[in-house]
Every structure is written in structure tokens, then in C-alpha cells.
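J.: Below is the sequence, then the predicted model.
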Amino acid sequence: MLNPDGVYLGNYRCSLMGFDLNRHWVDPSPWAHPTLHGVKQLIVQMYNNPKISLEFYIDIHAHSTMMNGFMYGNIFEEEERFQRQAIFPKLLCQNAEDFSFSSTSFNRDAVKAGTGRRFLGGLLDHSSYCYTLEVSFYSYILGGTTSTVPYTEEAYMKLGRNVARTFSDYYRLNTISERPLAPIPNTRKEKMPSFKCATQRGPGNSHPGRKLQRRSQTNPTELSHSS
């Protein structure tokens with residue numbers, strides 16, 4: 001929980017001081033955004049540690065308008081790297097009846113430049129995957145029907161277990177990352193790969209032990225301290 005004070009007061013988006021914390025990852029203040037500042041320092045330390053391969057970052061949020069669970073991912077100029085972003089959501093779609101791959105999108109909208117998913121997607125190298133997992137406040141639609149199922153505490157916990165199961169599948173079947181992937185249309189945000197999930201829902205590389213290479217233009221001091 002990166003927003004304990006805001007949540008304590010009943011806020012679901014803003015901190016006690018009124019900041020939308022998922023827009024301040026680029027330069028978090030230790031005074032105004034202490035939780036972001038601390039987590040960012042931790043991630044940078046892990047990133048610089050040759051003994052750690054930082055492979056996944058998943059920011060978990062509730063969504064106030066859309067149904068189901070779904071993900072936001074990043075767009076990259078390297079086509080192969082962009083294609084690989086779809087593997088984890090595709091596997092999750094097969095494991096979770098409430099996860100919608102059709103609602104999952106990959107973007108680089110300017111308005112989301114300060115999010116953790118966008119910032120870390122630009123910082124970490126090609127062996128890392130950064131997502132936002134969004135889950136509806138309300139309900140999900142069962143595949144092949146128009147029936148909505150209200151989310152309960154147990155349903156949210158089940159989705160969490162399915163995310164863990166998807167990690168197991170990803171690492172057990174990670175040889176898929178060594179094979180050529182089917183091409184993805186250039187209209188990336190509007191059209192997604194035609195993966196088939198176990199159910200269809202309505203609205204709503206691994207490199208163990210490899211040293212992560214920092215981008216040459218990134219200054220470690222700037223990353224670990226706010227200006």
C-alpha cells in the first residue's frame with residue numbers, strides 16, 4: 001500500500017495532501033510523496049545490484065468505471081520487445097475468468113507519463129516487464145454471457161492467486177520467449193494480437209543472473225534522490 005494515509009481517510013486515489021501518487025514517479029519528493037520516494041530508491045538499488053534480475057513490476061489499482069480485471073502495458077520501438085509484453089496478460093487471461101484481454105491495452109499516453117508503469121518501463125532494460133493491473137471496483141462479466149458477477153473480497157483474493165499461478169506458468173513455459181512471436185498490427189493500441197483465451201469476456205525473457213544494463217543517459221544520483 002503506497003497510499004496508507006489517503007486510504008485511511010477514505011480516498012481511493014489521492015494521498016492525505018491531495019496528490020495523485022501515480023503521477024509523481026519521475027521525481028517523487030521525500031516530503032510530499034514519501035512512499036513513492038522510498039519504493040523508487042529500493043527499485044533503483046535492485047536495478048543496480050548485479051546479483052538481482054529485476055524482471056517484473058506490476059502496479060495494482062482499482063478501476064472506477066470499467067468491468068473485469070485488465071492490464072495496461074508499454075509500447076516500445078523494438079517490435080520484439082513490444083510483442084513480449086503481451087505474453088503475461090495472455091497467460092493471465094487463460095487462468096482467470098474475470099480477466100479481460102480484450103480490455104488490456106498498450107500505450108504511451110502523455111497524461112500517464114508519471115505513472116510507475118511508464119517511468120519504470122523507460123528505466124529498466126528489455127528483460128523487464130512493467131504493467132498496471134486494474135481491477136473493477138464493482139463486478140466482472142462472465143465469458144459468453146451478459147451476466148455480471150459482483151466482486152467480493154474472496155474474488156479479489158482469487159485473482160491474486162491466479163496472478164501467482166500465471167508467474168508459475170510463465171517461468172515453467174518461458175521457452176516461448178525464445179521462439180518467434182506472431183506479428184502484432186502497427187495499430188498497437190487499437191488492435192491487439194489474436195490470442196485465444198479459455199473464455200472470452202466483454203468490457204471490462206526471463207534472463208536469470210543477467211546484469212541489467214543502465215541506459216547511458218540515466219544518472220543514478222538523479223534517480224535515487226529528488227531534486
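T.: Looks like it arrived, so ask away.
J.: which SS state does the residue nearest in space to the middle of the chain fall under?
T.: Per CA atoms, centre = their mean, the C-alpha nearest to the average position across the chain is that of Tyr131, at 1.4 Å. Following DSSP: H, G, I helix; E, B strand; the rest coil, the label given to Tyr131 is strand.
J.: cool, and the one 4 residues further on?
T.: The three-state assignment at Val135 reads strand, by three-state DSSP.
J.: I'd like to know how far it sits from Leu92.
T.: Distance, Val135 to Leu92, by CB to CB, to the nearest Å: 12 Å. The way it works is simple: take the backbone N, C-alpha and C, and place the C-beta from them, glycine included.
J.: who has more neighbours, those two?
T.: Using other CB atoms under 10 Å as the criterion, Val135 and Leu92 rank with Leu92 on top: 26 against 23.
J.: With just CA atoms, put the top helix by length along the chain into CSV.
T.: With residue count as the measure and DSSP state H as the assignment, the chain has helix 153-172 as its longest helix. Only the C-alpha atoms of helix 153-172 are listed here, as CSV (Å, rounded to 0.1, in the frame of the first residue of the first chain):
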residue,chain,number,x,y,z
GLU,A,153,-13.1,-10.0,-1.0
GLU,A,154,-12.7,-13.7,-1.9
ALA,A,155,-13.0,-12.9,-5.7
TYR,A,156,-10.2,-10.3,-5.4
MET,A,157,-8.1,-12.8,-3.5
LYS,A,158,-8.8,-15.4,-6.2
LEU,A,159,-7.5,-13.1,-8.9
GLY,A,160,-4.3,-12.6,-6.8
ARG,A,161,-3.9,-16.4,-6.6
ASN,A,162,-4.3,-16.5,-10.4
VAL,A,163,-1.6,-13.8,-10.9
ALA,A,164,0.7,-16.0,-8.8
ARG,A,165,-0.3,-19.1,-10.9
THR,A,166,0.5,-17.1,-14.0
PHE,A,167,4.0,-16.4,-12.8
SER,A,168,4.4,-20.1,-12.3
ASP,A,169,3.2,-20.7,-15.9
TYR,A,170,5.4,-18.0,-17.3
TYR,A,171,8.6,-19.4,-15.8
ARG,A,172,7.7,-23.0,-16.5
